[in-house]
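**Student:** Show me how the following folds:
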Amino acid sequence: VILCSVYDHSLLAWTNGAYRMDRIPWSYIVARQDEVNGGGVSSILDPRKLKSVTEATPLFDATERFLDGKAPYVLEFMTTPNVDDPFWARCKHGAALDLVNVPLLLRSGWYDTLTAQTLAAYAHARDRGIKVYLTVGSWTHIEACGSNAMPEVFDFLDEYVAGRKKDHRPLSVKIGRAHV
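**Tutor:** Predicted coordinates:
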């Protein structure tokens, strides 16, 4: 079961040749998630401070101060725009899909930053002849990977791990409409 996973961090950081600014607050939050004392993300991420960082020049210097020594990989990502640079080799995990020889359940949302990579993973596994299920709905990253995924995950595990169900879903691909 792979819910909203990244296979290539270079493409996540440098989508279409431009650095993705959302990597800065995401990395800040992940590096400080143990500081969220019941107050949610807003308790650790001040939007005014974030805005001052993302509007600053030079961006690198502002980001370095903002992260305060945490998530140093962001600074490396920012300074390595060539996705073919050897630096990125350690951050590309697509080859792991070549080792899979069991059924897979992949899940993402149309509003998830990882949808393109999930669709590519599906095509790769399918082309290898792996039994693979794909679900994409009108969700964000959090929604696609959150508690609403659990019924589908449990059905999949019931069939392929516990052996209690057969043909838990008739079609291997379920696509929901994106709400515009």
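**Student:** list the helices and strands the helix or strand of the chain with the lowest mean pLDDT packs on?
**Tutor:** One helix or strand of the chain scores below all others by mean pLDDT, DSSP states H and E: strand 2-3, with a mean of 83. If you count contacts as 3 or more Cβ pairs under 8 Å, 6 or more residues apart in numbering; DSSP states H and E, strand 2-3 packs onto strand 104-111. Yep, even glycine has a C-beta here, placed from its N, CA and C like the rest.
**Student:** Sheet partners, orientation included, of the least confident helix or strand of the chain?
**Tutor:** Strand 2-3 has its sheet partners listed here by DSSP bridges as strand 104-111 (parallel).
**Student:** can you give me how far the helix or strand that the strand it pairs with is followed by is from the chain middle?
**Tutor:** Where DSSP states H and E defines the elements, the next helix or strand beyond strand 104-111 is helix 115-127. In terms of Cα atoms, centre = their mean, to the nearest Å, the gap separating the centre of helix 115-127 from the centre of its chain is 13 Å.
**Student:** Name the residue most distant from the centre of the chain?
**Tutor:** What lies farthest from the middle of the chain is Arg164; by Cα atoms, centre = their mean that is 30.3 Å.
**Student:** Can you give me the distance of Leu106 to Leu114?
**Tutor:** Separation of Leu106 from Leu114 (Cβ to Cβ, to the nearest Å) stands at 10 Å.
**Student:** Find the residues that touch each one of these two.
**Tutor:** Common contacts of Leu106 and Leu114 (Cβ atoms under 8 Å, 6 or more residues apart in numbering): Ser5.
**Student:** Perfect, that will be all.
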